[in-house]
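Colleague: coords below, sequence missing:
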């Protein structure tokens, strides 16, 4: 796979987003501002249900912000596009297509590749994610880890400028998860695309991230950006390094604060609109 | 010691019986045999039921009827069923897609459908005279009507229950609306669409029999009804059996086509 495409910059500028669920309005994002630096791996971590998936949907173009701007390379995002592709929680492969057909689905549908070229690229990518022997299997015949790798290949063949990873390794067992993280790190380090990775696992977040964005509870915004300056290529042995532990301690403290806040206010946060006009109290 | 030997011996015989007898198949055959025995026994033993033809009488009836008569009636019913069934798909499927795909279409069409749907299709039999002059058209209208709602509702349901991530991914890949429908939405909804067709087929057979009993225009329903009027009950039961067989053939046919189109579901 050629790596000629440059990663893009995504900017969130004071984004606000509401959701209406059974007549209850919930403010999901409020004054949410951050930048996804080109070619970097930005990890979003925060309490569950804090609107991480909403951020992914906003970047992908599935949803629009109610307030503020989401821009990619200076242009506002107006809808879904192959330049911003999502690897979803659990598998979103097309179950009626084989692994091979799934991977070539994007370029063939857009008619940007000839059949021969698509065939060639697909085989190359399947080999890269270690699925060359499984090309004619349907997704239901693949293990969880294989499905995730097939989905990575399906996205990568389109040469996206931003890859959006929405808790992609959730639900995998611990061993598979670690293997997938290693695979993913290798893939990331070989491409120039910008990546946004959502997770609720701190170790996964730190080992992957260039920038670690810690989110607050709903209404969410970015509480703190930690620059993870561990050298690349990353390896799991780094989890014992001094710098890693410093970063982890700092992140844990911030996440713990949010968790405590969530446990004292949760249940109300979803339905109570009063007080949301002011910034969340931090004591 | 002797206990131990006994265990080994019984294991040996179990192994032998498993090797030479397919017990699962045996039980399935026994199910048929028991059914026929029970049927005969009730007819023979209970005075009250002695008018009921025995399995043997029904079987013999098969050779008394000219084969051609049965075949012609079967063919008539089949044509009516298939005509109604395919009309139901031809008209019901696009409407189901429209309702499932578009909020506007759903708002305009769905409430009226919900009003008409609870009326059992058989209740329509007298009213069909108002719509069609020819009896043949009346019967085909009824079979069409029976197929229509299951097709519409299951197509609609299949489409509206597609996992949102599948079309979302397709939007990102840059599919246009037509590709979205043909390459993503319909394949994803296919299992439920075929569920609807299976239901539709069952209902068309119910309706064709009911309509033919009223219509005096041939068909297996007429065959059963006619033999009832001349009190030839072995032929009534034979006719019933043939109707059941026809229905089974049709549902096997659909299941076969459906399995082909949703074969990815059955591979593990």
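Modeller: Looks like it arrived, so ask away. Not measured: the values here are computed from a predicted model.

Colleague: Which segments of chain B make up each domain?
Modeller: When chain B is parsed with automatic domain parsing, its domains come out as B:2-49, B:55-266.

Colleague: And the strands in chain B?
Modeller: With DSSP state E as the definition, chain B shows no strands.

Colleague: what do you get for chain A?
Modeller: Under the criterion DSSP E, chain A carries strands at the ranges A:10-21, A:24-36, A:41-45, A:67-72, A:75-76, A:84-87, A:162-166, A:194-199, A:211-215, A:222-227.

Colleague: What are the buried residues along the first one?
Modeller: Going by neighbour count (16 or more other Cβ atoms under 10 Å in any protein chain shown), the buried part of strand A:10-21 is A:10, A:11, A:12, A:13, A:15, A:16, A:17, A:18, A:19. Where C-beta positions appear, they are placed from N, C-alpha and C, glycine not excepted.

Colleague: for the stretch 101-250 of chain B, what spans make up the helices?
Modeller: Remark: helices assigned in the stretch 101-250 of chain B by DSSP state H, counting those that start in this stretch are B:103-116, B:128-131, B:135-160, B:165-173, B:177-179, B:186-215, B:220-229, B:233-261.

Colleague: Would you mind getting the angle between the longest one and helix B:233-261?
Modeller: Put plainly, it is helix B:186-215. Orientation note: helix B:186-215 sits at an angle of 170 degrees relative to helix B:233-261 (axes from the mean of the first three to the mean of the last three Cα atoms, to 10 degrees).

Colleague: burial count for residue B:24?
Modeller: As a burial measure, the neighbour count of residue B:24 was computed by other Cβ atoms under 10 Å in any protein chain shown and equals 7.

Colleague: That one and chain A, how far apart?
Modeller: Residue B:24 sits 27 Å away from chain A, taking Cβ to the nearest Cβ, to the nearest Å as the criterion.

Colleague: which ones are touching the residue nearest the centre of chain B?
Modeller: With distances taken as Cα atoms, centre = their mean, the residue of chain B nearest its centroid is residue B:202 (3.1 Å). Neighbouring residues of residue B:202 by Cβ atoms under 8 Å, 6 or more residues apart in numbering or on different chains: B:247, B:251.

Colleague: if I look at it, how far off is chain A?
Modeller: 26 Å.

Colleague: Can you check the pLDDT for whichever residue of the stretch 101-250 of chain A sits closest to chain B?
Modeller: Closest residue of the stretch 101-250 of chain A to chain B, Cβ to the nearest Cβ: residue A:106 (3.8 Å). Predicted confidence (pLDDT) for residue A:106: 91.

Colleague: Tell me how many other residues crowd it.
Modeller: For residue A:106, the neighbour count with other Cβ under 10 Å is 26.

Colleague: quick one on the thing from earlier: pick the most buried one from the domains of chain B.
Modeller: domain B:55-266 (a mean of 18; mean count of other Cβ atoms under 10 Å in any protein chain shown).

Colleague: how about the residues of the stretch 101-250 of chain B near chain A?
Modeller: B:163, B:165-166, B:168-175, B:179, B:183-184, B:187-188, B:190 (Cβ under 8 Å from any Cβ of the partner chain).

Colleague: try 7 Å this time
Modeller: Taking Cβ under 7 Å from any Cβ of the partner chain as the test, the list of the stretch 101-250 of chain B residues beside chain A reads B:165, B:166, B:168, B:169, B:171, B:172, B:173, B:174, B:175, B:179, B:183, B:187.

Colleague: Since that was my last question, I'll sign off now.
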